[in-house]
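Colleague: When you get a sec, could you give me coordinates for this:
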Amino acid sequence: MKKPKPSTLFLLFLSFLFMLSLWSCAGKPARPVYVKDGKEYGKVRGTFRHRWWNYYERALSYAEGEFYKEAIEDLKESIRQRAEDQRMARTYGMHFIDYFPHRELGVTYYHLGRHEDAKEELEASLSTVDTGKAKFYLNMTRKVLIEESKADTAPPTINVTSVSRGEITNSFRLKVQGEVEDDSYAHKIAINDAPLFIELSAKKLPFSKEIRLKKGLNEIKIKTSDLLGKVTEKSVKVFADFEGPALNINNYIDGQEVGENKIVLNGALADVTGITTLKINDQVLAYNKEREVEFTFAVDLKEGKNRIALAATDVAGNTTTGEFNLTYVPQLAKEKPLFNGTASNTPNRQEPIRLAFNGTGILDTGQNYLYGTSYAKKPGSAIRLNFKDLTNTQTVYFDIIYIDGSATGTNKIKSVMINGSPLLIMPGRTIYFSQLIELKEGENKLTIEVKDARGNTASKTVTIVREVPRVHQIGSRMSLAILPFEIKGEISLATSIVFDNLISAFLNQNRFNIVTRGDELEAVFRELKLSKTDLVDKSTAVRVGKLVAAECILMGAINETKDSIEIYARLVNTETSVILEAKDVYGQDKSLSQVQYLTNGLALKFKHSFPLLEGLVIKVSGKSIYADFGSIKRIKKEMKFIVFREGEAIVHPKTGKVLGKETEELGVATVVNVFEDMSIGKLLATFDPAKIQIEDMVITK
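Modeller: Numbers count the residues shown, from 1 in each chain. Reported below is the predicted structural model:
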């Protein structure tokens, strides 16, 4: 008898395995296909081959039709074949699906009222992959379990850690941080009625939000609730003080000539939050936070010009500085002043008191006599204005600038305003004032307006141009094209507003450089002869991203059912086609406000995944640049960072004021390896590593 060939034996073996699989499958009863409201449930696309993805697909169909018993059986079989939930799980060839059997089993158990089982499955799903839907249903499950156990006995508590009671600050922005704690599960937090994006309830929920402060009293309201709706509210008050103390000198005028070598300055201080110190030359006078203070201070003068340095500081830390000038002329003391007890505009002496500006009037020097000027008489009196260290126009690289100014007049200065806002002052002939000004990018105009006791006015305007160093500009961030999303399931108003809201959310985050959207994309589609549905294919989407010079593309899908909406997005590197990050959000409220909440939350997730960080170069080895930030700060492979160097301080040639620092970009590197506290970037070919040194700076792109 002729022996069979090995190849024949192999074919027989494969046939045996195939028949065995058919026998195994034949032992399982076929699942029925149900029809409900004209739609079939329990069907899959293509042939049902008893693979995990077949069972998973059929289970989703059953669950959609609320045939939960059949859905549970199929989900359990899919888990038996493939245990863990996973995004982009490979089925066969190059086919991938999002695979969440534990999550869907938990949702099914929830609908059947099996809440302990639901909790177990949802937590199992979240232990391997983060999804908004799993968090949503875990919150719902926890709520039911708490209601059944009656374990929730008290509302949540709010602990604010970053703001002290009655805090006074001179910052334009304040980070409000703290923690909410509940005996069961805290669920929602809102600050000043703006809800924070919180997906999953917890016994302790940390919170952090930067608040923009207005001048004066700011009340920050924090509101929280737990899963059962028990509410707690708390408010903290912060006083924002952007003005330094107003300091005046009453009995002399800046620039005056005097005939005594010992004089006593009479003056006053005023500040809305209280004065802590006044420094005159090298001597410091301490105060107990008084809001209005009068002072006298003896000063010894040398012959010639004397500069008296003044600096007053308030509770908020604002400091007003000034320089008061007096010239000691000994021969003036030899001339006796004429005093007849009445005010006179007639010169009482041949040698006048010399002022630094033109004007006339009777000057009270603090002595028991009157001096008159020899200037020609004019109605009213002159006022001199000065912005210390600022010229009419200058460029700075700061976002906040401290303005020091002074106003001097022969009559008492009664009011001072900066950009229409009055400053708190005590009237005097020489007034020193200061204010913190927040600068917008580009041109900023500052106008000071002064009025004296006789109604005379004077004004002065300076222009400050704020430039943002290139490495900190939004144009230097990761360039991103947001492509139209695939629309699945039902289409309603909620679906139609998602895309526009998502673009707005990313723009408002100021994290990515959004390079193209809307009409710009339409032109690309026409050029490539594509429709929006073609963008479902990742390779096509990447090609579009490259055409618009985007480093990454944001693509995804909107899946809407009759009672829910799910938005899924992934960030794809156009150079490598690698998915850098994938995030989703889920909700069952499809109102406009809730859609905005979800899209803002989705944009926030991506911002947190790609933090804007600065660090230092700690080593250079060829094209490899070592930076001092790593995975603990959410740095990941294929992120990019810019290497730059800060130049010397830019000093105004006339005023000597430091206006900021320019930066020099040295290179861009792609992260190729990440450790806990360090990452290694590969410098792009167009940059020279020889220019980079240890302790140069880096910033994420």
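Colleague: For the stretch 251-400 of the chain, just list every one of the strands.
Modeller: With strands called from DSSP state E, counting those that start in this stretch, the stretch 251-400 of the chain shows them at 256-258, 262-280, 283-300, 304-314, 319-328, 362-363, 371-372, 383-388, 393-396, 400-418.
Colleague: out of these, which comes closest to Pro689?
Modeller: Minimum separation from Pro689 across the strands of the stretch 251-400 of the chain (Cβ to Cβ) falls at strand 393-396, 32.0 Å. C-beta here means a position set from N, CA and C on the backbone, and glycine is covered the same way.
Colleague: residues of the closest one that come out buried?
Modeller: Of all the residues in strand 393-396, those buried under the rule 16 or more other Cβ atoms under 10 Å are Gln394, Val396.
Colleague: Off-centre distance for that strand?
Modeller: Chain-centre distance of strand 393-396: 26 Å, with Cα atoms, centre = their mean, to the nearest Å.
Colleague: same check, this time on stretch 70-84
Modeller: 44 Å.
Colleague: what does stretch 566-577 give?
Modeller: Here stretch 566-577 is found 23 Å from its chain centre; the criterion is Cα atoms, centre = their mean.
Colleague: start at 20 instead
Modeller: Noted, 20 is the first residue going forward, which turns the last one into stretch 585-596.
Colleague: Distance-wise, check the residue nearest to His491 when sequence neighbours are not counted relative to Ser227.
Modeller: In this structure, His491 finds its nearest non-sequential neighbour in Ile718, 7.4 Å apart by Cβ to Cβ, 6 or more residues apart in numbering. Using Cβ to Cβ, to the nearest Å, one gets 22 Å for the distance from Ile718 to Ser227.
Colleague: Comparing those two, which residue is more hemmed in?
Modeller: Per other Cβ atoms under 10 Å, whichever of Ile718 and Ser227 has more neighbours is Ile718, with 20 against 13.
Colleague: Could you list the low-confidence segments of the chain?
Modeller: The model of the chain has pLDDT under 70 over residues 20-49, 354-400, 536-538, 669-679.
Colleague: That one: helices as residue ranges?
Modeller: Secondary structure of the chain (DSSP state H): helices at 25-45, 71-83, 87-100, 120-130, 134-145, 151-168, 512-528, 538-547, 557-566, 611-628.
Colleague: Among the ones you listed, single out whichever gets nearest to Ala500.
Modeller: The minimum distance between Ala500 and the helices of the chain falls on helix 557-566, with 5.0 Å, by Cβ to Cβ.
Colleague: Measure how the closest one sits relative to helix 538-547, angle-wise.
Modeller: Per axes from the mean of the first three to the mean of the last three Cα atoms, to 10 degrees, the angle that helix 557-566 makes with helix 538-547 is 110 degrees.
Colleague: CA-only coordinates of helix 557-566 in PDB, if you can.
Modeller: The C-alpha trace of helix 557-566 is given here as PDB (Å, rounded to 0.1, in the frame of the first residue of the first chain):
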ATOM      1  CA  LYS A 557      -6.800  57.300   8.300                       C
ATOM      2  CA  SER A 558      -4.300  57.300   5.500                       C
ATOM      3  CA  THR A 559      -6.500  59.700   3.500                       C
ATOM      4  CA  ALA A 560      -6.900  62.000   6.600                       C
ATOM      5  CA  VAL A 561      -3.100  62.000   7.100                       C
ATOM      6  CA  ARG A 562      -2.600  63.000   3.500                       C
ATOM      7  CA  VAL A 563      -5.000  66.000   4.000                       C
ATOM      8  CA  GLY A 564      -3.100  66.900   7.200                       C
ATOM      9  CA  LYS A 565       0.200  67.000   5.300                       C
ATOM     10  CA  LEU A 566      -1.300  69.100   2.600                       C
END
